[in-house]
Every structure is written in structure tokens, then in C-alpha cells.
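1. okay, structure incoming, though there's no sequence with it:
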Ligand code: ADP
Ligand code: GN1
Ligand code: MG
């Protein structure tokens with residue numbers, strides 16, 4: 001605790017820190033809520049960046065600063081009411097104007113302003129929440145849409161490039177010494193039977209059908225903050241993966257996390273399914289703000305994007321399980337296997353409802 005206070009104090013040297021608690025359920029970084037003895041600004045977020053994942057955390061900070069300056073400027077100039085409630089978290093600087101602080105062990109720390117009176121959920125609450133989640137992602141895409149991709153470094157090489165995850169999976173599998181189990185065998189078969197779909201988005205990108213745009217990269221529902229009073233989406237957090245990509249990565253990730261009512265941490269993986277009503281609400285919310293910039297081809301590949309991102313996450317979890325849990329934080333030994341099963345079951349459910357999903361996509365346009 002003393003150590004944490006010393007670290008937190010780098011970002012607010014004039015303030016008295018009265019409490020620091022672990023916060024949120026992120027799978028990558030270590031997040032803390034810092035409480036100050038200051039009634040105007042009671043909290044901020046302190047995070048230790050996982051530098052095994054983000055090998056160049058300085059680039060992550062540069063991207064976040066570039067995005068948040070761009071968005072703040074846009075919000076301040078906004079003459080209509082598009083973004084009237086929207087908030088953008090900003091980076092806190094140390095006394096000597098650094099956007100991060102390295103402790104004695106070399107850990108990389110950063111601080112972010114707190115989105116007050118808001119909460120995020122790991123599991124979707126209802127149709128209103130779903131609609132707001134979609135609205136939140138659409139608002140974010142609008143805000144970031146005119147930030148030049150040249151201003152965004154690649155903070156995580158290969159992120160959402162499914163063929164690369166697949167290639168890596170095969171290499172890991174070859175060396176793996178994990179003993180066989182019914183659940184493990186289900187995953188192995190599942191992956192092999194989908195081998196021919198892993199290139200679908202990358203091929204479309206290579207053919208020039210899908211443009212690279214600035215995206216969030218990680219819009220699962222617990223990264224979208226909801227106002228506690230109005231129950232409206234008011235901010236997106238976890239900006240580490242803001243970088244050029246396909247909108248399909250974002251829309252797919254948002255739907256795979258929002259339409260699974262058992263949540264991605266359930267142990268009841270056999271009961272997991274993709275909820276169509278929630279999908280419709282998320283897409284309606286999204287398109288109410290983002291309809292104008294999607295191209296014909298982008299619409300055409302939405303179904304494949306939704307399916308692929310669920311499959312890809314299953315593949316990432318299963319590979320991490322085989323590799324000894326080096327990427328995602330775990331709470332018990334087979335955690336990444338359990339998470340992979342959930343995503344594969346979800347993929348199966350998406351596939352079995354392809355016709356209905358295509359209908360929804362047609363209707364919400
Ligand atoms: P991770 O990269 O590990 O997922 P996040 O940045 O998503 O870490 O933080 C974990 C959780 O903490 C989020 O899901 C969110 O609920 C909360 N959180 C993160 N940043 C903020 C913020 N600026 N204001 C309020 N809550 C936040
Ligand atoms: C990670 O950081 P967090 O928990 O919001 C991961 C996402 C996965 C998600 C699955 C940088 O997100 O890609 O979809 O776990 N983030 C990174 O829960 O890999
Ligand atoms: Mg997160």
C-alpha cells in the first residue's frame with residue numbers, strides 16, 4: 001500500500017491520497033482506484049501497464065494523448081447536441097511533465113482521469129443497456145473517425161489479425177505438453193474445422209474492400225461506462241488498443257461480449273448462446289450514430305466479422321491455455337480453457353443463427 005501511495009503521488013503531488021483499491025475486471029493491466037482528500041476531484045485511475053502485452057508502452061501513451069486531445073477539441077467545438085453527455089478520459093502528467101512513471105522495479109505506471117458517477121458491467125443488463133452500448137461505440141467511432149491514422153502508432157502488432165493467431169496456435173500446439181481432456185479435444189476439433197474461415201477479413205482488406213480506420217480495438221461491454229443516474233453510455237475507457245483497424249473488429253467484439261447473457265466468465269459454457277434481440281438493440285444503437293460512414297462492403301462483411309471475432313477470442317484464450325497463461329490474467333488453472341469454451345460455443349450459436357443475424361443486419365440499415 002505504501003508503495004502504491006508513492007506511485008500514485010507522482011501524478012498528484014499536491015493532493016492527499018486517502019485510499020487505493022484494486023478496481024475493475026480487466027484481463028490485461030492492473031487497475032486501481034485512487035481516492036483523494038478533495039471534494040472536487042475525488043478519484044483517479046492508476047494503472048500498471050502489462051508490458052508483456054504492450055511491448056512499447058510509450059507508444060500506447062502517445063496514442064491515448066493524441067486521441068484524447070483530438071476528441072476534447074472536437075467536443076469543445078461541437079455546436080449541435082451530438083455529444084452533449086460524452087466524456088473522454090485524459091492522461092494525468094507527473095510533476096516533470098511525463099505521461100507515465102517507472103518505479104524501481106521498472107514497472108510502467110500511468111494515471112487517467114476518473115469518469116465519475118458511472119459504472120460498467122461485465123454482463124449486459126437489458127435492452128436499454130444494449131442500445132446504449134451500441135450508441136457508445138458509434139459515438140466513439142464518430143469522435144475518432146477524423147483522427148488521421150498516421151497519428152496512431154501500432155501498439156500491439158498482430159492484434160485482431162486472425163491468421164497470425166492461427167499460425168501462432170499451430171506453433172504452440174506442436175510444442176504443447178498439455179494432457180488431453182474432453183474439453184481440450186472439443187477446442188482442438190472446433191479450431192481445425194474452422195481453419196478455412198480465418199482469412200476472411202484479412203483477404204477482404206488485402207483486396208481493398210475494407211478500409212483501415214482508427215478504432216478502439218477492445219470495445220467489450222465493461223469498457224463502456226454508463227451514467228449511474230441516466231443509464232446512458234457516457235464514455236469509453238481502456239484506450240490502449242486505439243489504433244488503425246477494421247470496424248469489424250470493434251463491432252464484432254462489442255456484439256460477442258454484449259449478446260452473451262451468461263457472460264464470458266461463465267463455467268456453464270454448454271448453455272452459452274448469442275441473443276438476437278440484444279444484437280438488434282446494439283446494432284440499432286450503433287447505427288443511430290454511425291450509419292453514415294459505413295460502406296457497402298463494410299456492411300457486407302459484418303456477419304463474418306461478428307462470427308470471426310468470437311472465434312478469434314476463443315482461439316486466443318485456448319492458445320494462452322496451451323502456452324501456460326502468459327497473456328490473459330487468470331484466477332484458476334484452467335481459466336483460459338473455460339474462457340475458450342465459452343467463445344467457441346458462442347461462435348457455434350452465431351453460426352446456427354446466420355440467417356436471422358443477416359436479417360437483423362438488413363433490417364437495421
Ligand atoms: P484492462 O486493460 O485491464 O481491461 P481497463 O482500462 O479496462 O483495464 O480498466 C478496468 C476497469 O476499470 C474498466 O472496465 C472500468 O470499469 C474501470 N475504469 C477504467 N478506466 C476508468 C476511468 N477512467 N474512469 C472510470 N472507470 C474506469
Ligand atoms: C482483454 O483488457 P480487457 O480485459 O478489456 C483483451 C481483449 C479481449 C478481452 C476478453 C489488449 O481486454 O482483446 O477481447 O480481454 N485486450 C487485449 O475479455 O488483448
Ligand atoms: Mg478493459
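-> Sure thing, it's come through. The structure presented is a predicted model; accordingly, all values stated were derived computationally and were not measured. Numbering: from 1, shown residues only. Ligands and ions are numbered 1, 2, ... in the order given.
2. stretch 73-93 close to ligand 1?
-> Yes - using C-beta under 6 Å from any ligand atom as the criterion, contacts between stretch 73-93 and ligand 1 involve residue 89. Where you see a C-beta, it was placed from the backbone N, CA and C, and this is true even at glycine.
3. could you do stretch 59-69 as well?
-> No - for stretch 59-69, no contact with ligand 1 is found by C-beta under 6 Å from any ligand atom; the gap never falls below 10.3 Å.
4. residues in contact with stretch 267-285?
-> 124, 127-128, 130-138, 254-256, 258-262, 266, 306, 310, 338, 341-342, 345-346, 349-350, 353, 356-357, 360-361, 363-364 (C-beta atoms under 8 Å, 6 or more residues apart in numbering).
5. ah, wrong one, I meant stretch 117-133
-> With C-beta under 8 Å, 6+ apart, stretch 117-133 has contacts from 24-25, 221-229, 231-235, 237, 254, 258-259, 261-265, 277-278, 281-282, 284-285.
6. hmm, 7 Å instead?
-> With contacts defined as C-beta atoms under 7 Å, 6 or more residues apart in numbering, stretch 117-133 is touched by 25, 221-229, 231-235, 254, 258, 261, 263, 265, 277-278, 281-282, 284-285.
7. over to stretch 326-335?
-> By C-beta under 7 Å, 6+ apart, the list of residues contacting stretch 326-335 reads 27, 52, 53, 317, 320, 336.
8. so which of these belong to helices?
-> Among the contacts of stretch 326-335, the members falling in helices are 317, 320, 336 (criterion: DSSP state H).
9. mind listing the helices for this protein?
-> Using DSSP H, helices in the chain cover 2-9, 57-77, 127-144, 162-175, 182-193, 200-206, 247-258, 276-290, 296-300, 302-323, 335-352, 354-364.
10. just name the most buried of those.
-> Stretch with highest mean neighbour count among these: helix 247-258 (a mean of 27; mean count of other C-beta atoms under 10 Å).
11. quick one: distance of that one to the chain centre.
-> 9 Å (C-alpha atoms, centre = their mean, to the nearest Å).
12. that one to helix 335-352, inter-axis angle?
-> With axes from the mean of the first three to the mean of the last three C-alpha atoms, to 10 degrees defining the directions, helix 247-258 sits at 110 degrees from helix 335-352.
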